[in-house]
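S.K.: kindly generate the corresponding structure for this input.
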Amino acid sequence: MNATILTLTTLFVVTIFAHHNPETSYRNAIKDLSIKYYHAEKEQFLASYSEKFEKQCPGLTEKFNQADKIFDECVDKISANLTICETARRFLLKCTQPYVKIANDCLPEDTKGLPDLLVKIVHSGNDYLCKQDGESLLELVNPCVWANLDGPERKSCREKGTMILAKYLEKIPSTKEFCGDIKGLRGCSETLVDKCGSPVTRRVHVGLYEALVSPCS
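M.R.: Predicted coordinates for the structure are as follows:
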């Protein structure tokens, strides 16, 4: 369910890009392709999990169909006069809300609120990146970040991340557990840039991590 929320968020971002492209035919092609991908993902999800969730959220397929209509109406209200960053700030949380509600209704009591948190994390990360200048954005792919990936500290961080993901595949975490886990990766965000000499590189990477974690505060 949470993977579906992230897929929808990705769809929203792609749809924004398509909406702002000046070439109408190209814009429609991108939008149609992204929507086709979403529907394929949705059908796969419903085929795999609808029976499992039916007791907790009966009528799941119909709820998704209704949410699709609300999502389309929301996206259609986006003005091409807005920048992509302005559009994401104004519409990301709003347009994905119908799906967040479905996810919350279907999740166990102790995990409710997680889908909303995930969308807020994406929103916060987007807002942070939109405030950065070009130099800072380029530093996100500075080769120094990927240096010595096999070093003991970086290997330890990869193992920690793998263990967290494996745990989530066994059981969906509560928001408290999820926030505790990502806050526990703070040291890894600093390890990622420990080979970088520029303070700009370190600042933008650690700043992005702080932005992603901020909805947990």
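
S.K.: ranges for the helices of the chain?
M.R.: For the chain, the helices defined by DSSP state H cover 2-20, 24-53, 60-76, 84-106, 114-130, 134-138, 152-170, 175-183, 186-191, 199-213.

S.K.: which other helices and strands does the shortest one contact?
M.R.: With contacts defined as 3 or more Cβ pairs under 8 Å, 6 or more residues apart in numbering; DSSP states H and E, helix 134-138 has these neighbours: helix 199-213. C-beta coordinates here come from the backbone N, C-alpha and C atoms, glycine included.

S.K.: quick revisit: so for residue 144, which of the helices of the chain sits nearest?
M.R.: Nearest to residue 144 among these is helix 199-213 (6.5 Å), distances taken as Cβ to Cβ.

S.K.: how far off centre is the closest one?
M.R.: 17 Å (Cα atoms, centre = their mean, to the nearest Å).

S.K.: ok, stretch 118-127 next?
M.R.: 7 Å.

S.K.: report the buried residues of it.
M.R.: Buried residues in stretch 118-127, defined by neighbour count with 16 or more other Cβ atoms under 10 Å: 118, 119, 120, 121, 122, 123, 124, 125, 126.

S.K.: circling back to that earlier point, out of the helices of the chain, which is closest to residue 145?
M.R.: helix 199-213 (6.9 Å).

S.K.: buried stuff in the closest one?
M.R.: 201, 202, 204, 205, 207, 208, 209, 211, 212, 213.

S.K.: nearest to residue 58 among these?
M.R.: Among those, and counting by Cβ to Cβ, the member closest to residue 58 is residue 212, at 34.6 Å.

S.K.: pull out the buried residues from stretch 78-98.
M.R.: Those would be 78, 82, 87, 88, 91, 92, 93, 95, 96, 97, 98, for stretch 78-98 by 16+ other Cβ under 10 Å.

S.K.: kindly report the domain assignment for this protein.
M.R.: 1-109, 132-217 (automatic domain parsing).

S.K.: shaky segments in the protein?
M.R.: 1-39, 42, 45-46, 48-54 (pLDDT under 70).
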